[in-house]
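Asker: below are the sequence and a predicted model for it; my questions follow.
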Protein chains: 2
Amino acid sequence: MPLTIDRERNPARSRAAILDAAEKLFAEKGYDATSLSEVGAAAGVSRGTPGYFFGSKQELYDAVLERCFEEVRQAVRAGRARAMASQQPPEAILAGAVSDYFDFLAARPNFIRLIERRALREGGTSPVGEQLSAGQEALAAISAELGLDDAPSGDAAQLLLSIIALCWFHLIHAQTVAPAVGVSLEEPADLERRKRHVVGLVLYGLRGLERPAATLTTAPAHD
Amino acid sequence: MPLTIDRERNPARSRAAILDAAEKLFAEKGYDATSLSEVGAAAGVSRGTPGYFFGSKQELYDAVLERCFEEVRQAVRAGRARAMASQQPPEAILAGAVSDYFDFLAARPNFIRLIERRALREGGTSPVGEQLSAGQEALAAISAELGLDDAPSGDAAQLLLSIIALCWFHLIHAQTVAPAVGVSLEEPADLERRKRHVVGLVLYGLRGLERPAATLTTAPAHD
DNA sequence: AGTAACTTGCTGGTCAACAAGCAAGTGCCA
DNA sequence: TGGCACTTGCTTGTTGACCAGCAAGTTACT
C-alpha cells in the first residue's frame, strides 16, 4: 500500500468526495447557482475534476439524485421489515412508522431540498426508478398492515401521501410559513411537539377511514 | 391623443406586464434560470426595460413576491369574514375553509412555486410582512372559531400548519411523489378525491384535539 | 398660441464577470 | 512505455449592470 500522507491518487475517494460536495451544494443553492468549480473546491480537488469523473454537470446531478433515492429505498425496506417483525397492533405500528419517518426526514435536510428542487425543475418529469419502487413498497406495507384499500388513489395511497406531506412540509418552510402561522421549530422540543401532533392527526384520520360510515358533516363549499 | 395603434407610452401597463411576465417565469424556471431579457420579451418590452423600472433583478423579484403575498392576505381576510358571517357549526366551517383553501392553492400554481422556491433560497430568511400578517389572521380565525389553544405552537397553530401542508404538498409533487405512492392527480376527479381525503383527515384530527383524553396508544419509537 | 427647456419612458450597445466544456498537459504507478 | 488520475489553459457563450441616446410628452415663459 504505497501512500505518503493523504494526497495520494484515489479515484474512489475523489468520486465520493465530489458526490458529497455536489449533494450539499445542489441541495443548498440549487443546480444553476452551483458551479463545477465550487464543487471541486468543496471536494478538495481541482476545478476540472468533477467534469473528468462525471462527464457533465447534468450527469453529476443525476448521480447525486440516484444515490439519494437509493438510500431512501433502503430505509423504507428496513422500516417495513422491522414493522412486520414486531407484534404490535396496527395503530401502534402506524404511529411508530410515522414517528420514524418524521425523524428520518428531519435528519436529512439535503435529501429533502434536493427532491423539492427536482420537483420544481420542470414538473413534467416523472418519478425516477428508485423513487417509484420506494413508494410502492411503502404503499404495500401500509395497506397490508392496516387492511386498507390499496387501489390506485385509494385510502392507503391517500393516507400515505398525507403522511409524507405532514412529515415533509414543515422542514421546507420552517423559516417561512411555520413562524408565520405561529409554529416554532427552532428547538428539538418544538420538533417533538410537531411530531406528536402529526402522529395524532394520522391516527385519528385512520380511525375515520376504518369507520367510513361516521357522520362527517361536510358542508358543501359555496361555489 | 396622438397614438397610432397600441404602441403608446404607458408606464403602468408596462410595469404590470413586466411584473406578470416575471412572476410566471420566476415561478416556472426559478430566479437564476430567468434572465431579464426573457422577462422583457415575455412582457413585450425591450431587454433593458425591466432594469429601468425595477433597478435590479433582485428588486424585480422582491416586487413580484410582495404582490403575491398581498393577494393571499386579501383572500384570507375575505375567507375569514365569510366564515364569521355564516351561522354553521364549527366543524362545517372548518370543512368549508379547508375545501376553499385547497381550491385556492390549486388555482394558483405560480404562487405555490414562488413561495416554494423562496423557502429553498437560503432558508435563513424570515417570513415577509404580508406573509406573516396573513398567517396571523388565519391563526386567529381558526383558534377563535374552534375554541382551540391559540398559544404559539399550540393546537390551533399546529392544526393550521397541517392544513397548509395537506393542501400544498400534492401540488408541488404531483408528478413525482404522488404517482410514486400511487395517487393520481391528473383529472379533476382525482383532485376532488384528494380534497375529500384531506378534509376528512382534518375533521377527524379536530375531533381528536377536542377530546384530548382519548386513548392514543402511541407506542414509543424504537430508537 | 408658440416655443424652448426639461422630464420621462424606453431602447440597444458595451463590458466585465463567470461558467461549462474541451484539450493539452503533468506526474505517478504498473 | 502506457495508461490512469488528475490539473490547467483556453474558447465560447451568457448574463446583469451600466450608459448614451432618442422620442413623446409636459411645463414655463413670452
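Answerer: Looks like it arrived, so ask away.

Asker: quick check: buried residues in the lowest-mean-pLDDT helix or strand in chain A?
Answerer: Every helix and strand in chain A was compared by mean pLDDT, DSSP states H and E; the lowest is helix A:129-146, with a mean of 89. By 16 or more other Cβ atoms under 10 Å in any protein chain shown, the buried positions in helix A:129-146 come out as A:130-135, A:137-139, A:141-143, A:145-146. (Glycine included, C-beta is placed from N, CA and C.)

Asker: now these in CSV, with distance to DNA strand D?
Answerer: Below are those laid out as CSV (distance: Cβ to the nearest atom of the strand, whole Å):
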residue, distance to DNA strand D
A:E130, 26
A:Q131, 30
A:L132, 33
A:S133, 31
A:A134, 31
A:G135, 35
A:E137, 35
A:A138, 37
A:L139, 41
A:A141, 40
A:I142, 43
A:S143, 46
A:E145, 46
A:L146, 49
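
Asker: I'd guessed A:G182 sits against B:L139; true?
Answerer: Yes. Under the criterion of Cβ atoms under 8 Å, A:G182 makes contact with B:L139 at 5.1 Å.

Asker: what do the two both touch?
Answerer: B:D150, B:A156, B:A157, B:L160 (Cβ atoms under 8 Å, 6 or more residues apart in numbering or on different chains).

Asker: what's the closest of these to A:D32?
Answerer: Closest to A:D32 out of the shared contacts of A:G182 and B:L139 is B:L160 (33.4 Å), distances taken as Cβ to Cβ.

Asker: so what's the residue lying closest to that closest one once chain neighbours are set aside scoring on pLDDT?
Answerer: Distances taken as Cβ to Cβ, 6 or more residues apart in numbering or on different chains place A:V181 nearest to B:L160, at 4.8 Å, with adjacent residues excluded. Predicted confidence (pLDDT) for A:V181: 95.

Asker: what number of residues are in the vicinity of A:P89?
Answerer: 11 (other Cβ atoms under 10 Å in any protein chain shown).

Asker: helices of chain A, start to end?
Answerer: For chain A, the helices defined by DSSP state H occupy A:11-29, A:36-43, A:49-54, A:57-85, A:90-106, A:109-120, A:129-146, A:155-172, A:177-180, A:188-210.

Asker: need these in a markdown table with distance to B:W168, can you?
Answerer: Below are these laid out as a markdown table (distance: least, Cβ to Cβ, whole Å):
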| stretch | distance to B:W168 |
| --- | --- |
| helix A:11-29 | 20 |
| helix A:36-43 | 31 |
| helix A:49-54 | 34 |
| helix A:57-85 | 21 |
| helix A:90-106 | 16 |
| helix A:109-120 | 12 |
| helix A:129-146 | 19 |
| helix A:155-172 | 6 |
| helix A:177-180 | 9 |
| helix A:188-210 | 15 |
